[in-house]
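>>> take a look and give me a structure for this.
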Amino acid sequence: MIYGKRFYKPYLVSDTEKARLMRELKGHEAKFTAIVLLAQNDGYLTQEQVAQLVGVRRMTLYRWRHYDYVYQYELERQYDLMSEHYSKEFRRSSRRKPSSESIMSDYANVMMMMGLT
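Presented below is the predicted three-dimensional model:
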């Protein structure tokens, strides 16, 4: 897996999803590897780099994406799962957690407004 500067936990295809993918793609290793690479490294690898890693040509990936309906469905499904993962990560990270500094500054402000300082 290729890691860049990410603020969230990266999306990893689970073992159960990998087993399901292999079953749906009828054991086609190249298609399976391409889907996993594209889903886990979305935006970090070009189609040409994925094709090199899988051992096919870029045009073969193009044909799979446009003419192989099972491949299209499984790739879209992985993208949907990845999108759901990052939505959860964003919601988790965007919850406001008050720091002790902000709590103390609020306390100081209240005391000053009440004229107790």
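
>>> residue contacts, the spatially closest residue to residue 71 that is not a sequence neighbour?
Nearest residue to residue 71, sequence neighbours excluded (C-beta to C-beta, 6 or more residues apart in numbering): residue 64, at 4.4 Å. Quick note: C-beta positions are derived from backbone N, CA and C, even for glycine. Residues counted as contacts of residue 64 (C-beta atoms under 8 Å, 6 or more residues apart in numbering) are 31, 34, 71, 72.

>>> quick one: residue 64 and residue 39, what's the gap?
14 Å (C-beta to C-beta, to the nearest Å).

>>> can you count the residues close to residue 115?
As a burial measure, residue 115 scores 6 neighbours (other C-beta atoms under 10 Å).

>>> tell me the confidence at it?
Reading off the confidence values, residue 115 has pLDDT 75.

>>> point to the helix or strand of the chain where mean pLDDT is at its lowest.
In the chain, no helix or strand scores lower on mean pLDDT, DSSP states H and E than helix 100-113, which sits at a mean of 66.
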